[in-house]
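>>> got a predicted structure plus its sequence, pasted below:
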Amino acid sequence: MIQENLTVHWVRHGPTHANAMVGWTDVAADLGDQAALKRLSAFLPDEAPVISSDLTRATVTADAIQGDRKRLAHAAGLREMHFGDWEMKTHAEVEAEHPDLIRAFWEAPGDVRPPGGESWNDLTARVARALETLPHVGPDLIAVAHFGVILGQLQLAKGWTATRAFSQPIDNLSVTRITYGARRQADVINHNP
């Protein structure tokens with residue numbers, strides 16, 4: 001069970017500039033915008049510990065905003081969706097290879113999986129398990145993760161369909177704040193400090 005009344009400040013990692021479907025592929029983040037990183041760190045609660053996905057783009061972003069905050073061990077459960085055979089392919093390449101499957105993947109997200117990858121429902125279930133295994137951390141937690149991870153949590157908090165969630169932008173270095181309890185509440189979405 002997720003810690004009651006825990007507020008998670010979800011931060012999307014820095015930009016990768018990859019023009020492909022990047023899930024579990026470990027690519028670097030561009031953290032050149034130091035002013036944005038300083039604004040982001042200042043916006044986040046000072047006493048909140050920081051956790052991140054174990055992928056480099058998330059770990060280096062977490063390092064950049066950590067400051068004096070406590071750092072928790074990286075969590076593989078907070079990785080982006082695994083795109084399987086579609087990893088690092090462009091949408092056009094995937095469309096050419098699997099036109100019906102990619103269309104179903106975007107138009108009716110849920111149980112549709114890329115070959116060798118995971119579905120939207122697989123992703124949200126994996127992240128839920130990761131959240132349930134967190135130690136008690138206090139009232140706030142900063143979690144540096146990925147587009148799909150944050151969208152999945154937002155979908156659950158808002159009661160949206162997966163299709164509606166896919167239409168929500170989540171910018172790099174933005175904050176989405178969700179409080180977990182009897183019901184999830186999202187009061188900040190895609191905020192760019």
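Looks like it came in fine.
>>> what comes into contact with the worst-scoring helix or strand of the chain on mean pLDDT?
When each helix and strand of the chain is scored by mean pLDDT, DSSP states H and E, helix 162-166 comes last, with a mean of 88. With contact meaning Cβ atoms under 8 Å, 6 or more residues apart in numbering, helix 162-166 is reached by 106-110, 120, 151-152, 154-155, 158. Every C-beta, even on glycine, is put in place using the N, C-alpha and C of the backbone.
>>> so how far is that helix off the chain centroid?
14 Å (Cα atoms, centre = their mean, to the nearest Å).
>>> what packs against the helix or strand just after that helix?
Scanning forward in sequence from helix 162-166 by DSSP states H and E, the next helix or strand is strand 175-180. Under the contact definition 3 or more Cβ pairs under 8 Å, 6 or more residues apart in numbering; DSSP states H and E, strand 175-180 sits against strand 6-12, helix 147-158, strand 185-191.
>>> for Val50, see how far away the residue nearest the centre of the chain is.
For the chain, the residue whose C-alpha lies nearest the mean C-alpha position (Cα atoms, centre = their mean) is His146; its distance is 2.7 Å. Computed with Cβ to Cβ, to the nearest Å, the distance linking His146 and Val50 is 15 Å.
>>> buried set for the least confident helix or strand of the chain?
Using 16 or more other Cβ atoms under 10 Å as the burial criterion, the residues of helix 162-166 that qualify are 162, 165-166.
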